[in-house]
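In: I would like to see how this sequence folds:
(one chain, ligands or ions: 1)
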Amino acid sequence: MNTIDEIFAVYGIAGCGRSLMPVAIEQLKRVGSNSQVVFIDDILDEDRMVNGHVAMNYDRFKDIDCSYKFVLIAIANSSIRQIIGKKLLNDGILLWSVKGATTLIMDNVNIDVGAALSPFVTIGSNVTIGKCFHANLYSYVEHDCVIGDYVTFAPRVNCNGNIHIYDHAYIGSGAVIKQGTSDKPLIIGEGAIVGMGAVVTKDVSPGLVVVGNPARVLLK
Ligand code: UDP
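Out: Numbering: from 1, shown residues only. So this is what the prediction gives:
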């Protein structure tokens with residue numbers, strides 16, 4: 001059998017992966033590629049079909065004889081994205097970035113590898129984004145924001161201008177984060193969690209969970 005040239009995969013068959021697979025396939029069609037796209041999920045003992053696509057575990061994917069392999073890690077948990085990202089790097093597999101046809105990216109935007117930008121996401125001008133960013137349906141990142149590595153936005157996050165969000169922060173669905181200024185950006189610290197619908201009006205310290213309007217620290 002001939003070695004195939006390239007293969008693409010969406011890692012994860014749960015909600016995130018099944019929502020991103022059609023976006024990934026549509027992106028390949030847009031660039032005129034007929035390459036195969038499969039699911040990878042470690043829960044699978046043997047290959048099966050998921051929503052009409054071949055799904056296999058990582059060891060099976062690794063064994064495929066192919067010159068170039070590209071993987072979108074479609075798992076919401078940011079620590080798992082980081083662990084899988086390292087594994088792929090060690091195995092010489094490339095991180096794949098996927099965006100919808102309706103995703104809008106403005107001027108001077110730098111987005112590192114492995115991003116999942118769902119349909120109707122908008123990224124404003126002069127924005128920098130780290131590795132494996134997830135922005136779910138209808139979220140936006142306005143101008144002059146700096147987003148770290150492995151940051152996750154649930155659907156419809158409103159991230160206004162001049163906001164800095166550090167690594168592994170999670171922003172819940174519908175949250176609104178107040179605009180900062182160029183002298184004093186609003187800061188969401190590393191690993192912080194913003195609850196769904198929260199209205200964040202001031203900095204959130206690393207590792208804290210904030211909820212409500214105006215957002216306050218959730219005491220455990
Ligand atoms: N998963 C995996 N390898 C890992 C960790 C997770 O294949 O090391 C898979 C897991 O089996 C599940 C998916 O990733 O199918 C993550 O699903 P989750 O329920 O966390 O939901 P989602 O990230 O899609 O929202």
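In: list the beta-bridge partners for Leu186.
Out: As for beta bridges, Leu186 partners with Ile163 under DSSP bridges.
In: check contacts around it.
Out: 162-164, 177-180, 200, 202-203 (C-beta atoms under 8 Å, 6 or more residues apart in numbering). Every C-beta, even on glycine, is put in place using the N, C-alpha and C of the backbone.
In: give me every residue in the protein lying close to the ligand.
Out: Residues of the chain found near the ligand (C-beta under 6 Å from any ligand atom) are 12-17, 41-43, 75-77, 80, 84.
In: helices along the chain, start to end?
Out: Ranges of helices in the chain, per DSSP state H, are 15-30, 58-63, 78-90.
In: include mean neighbour count, distance to Asp112 and mean pLDDT when you put the ones you listed into a markdown table, please.
Out: Shown next, in a markdown table, are the helices of the chain (neighbours: other C-beta atoms under 10 Å; distance: least, C-beta to C-beta, whole Å; pLDDT from 0 to 100):
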| stretch | mean neighbour count | distance to Asp112 | mean pLDDT |
| --- | --- | --- | --- |
| helix 15-30 | 19 | 17 | 98 |
| helix 58-63 | 15 | 22 | 98 |
| helix 78-90 | 16 | 11 | 98 |
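In: to Trp96, which of these lies closest?
Out: Distance to Trp96, taken as C-beta to C-beta, is lowest for helix 15-30 among the helices of the chain, at 7.7 Å.
In: which other helices and strands contact the closest one?
Out: Packing partners of helix 15-30 (3 or more C-beta pairs under 8 Å, 6 or more residues apart in numbering; DSSP states H and E): strand 4-11, strand 37-40, strand 98-99, strand 116-117.
In: can I get the ones you listed in TSV including mean neighbour count?
Out: As requested, these are exported to TSV (neighbours: other C-beta atoms under 10 Å):
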stretch	mean neighbour count
strand 4-11	21
strand 37-40	23
strand 98-99	23
strand 116-117	29
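In: JSON lines for those strands, including mean pLDDT and distance to Ile64?
Out: Shown next, in JSON lines, are the helices and strands packed on helix 15-30 (pLDDT from 0 to 100; distance: least, C-beta to C-beta, whole Å):
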{"stretch": "strand 4-11", "mean pLDDT": "94", "distance to Ile64": "6"}
{"stretch": "strand 37-40", "mean pLDDT": "98", "distance to Ile64": "9"}
{"stretch": "strand 98-99", "mean pLDDT": "98", "distance to Ile64": "20"}
{"stretch": "strand 116-117", "mean pLDDT": "98", "distance to Ile64": "22"}
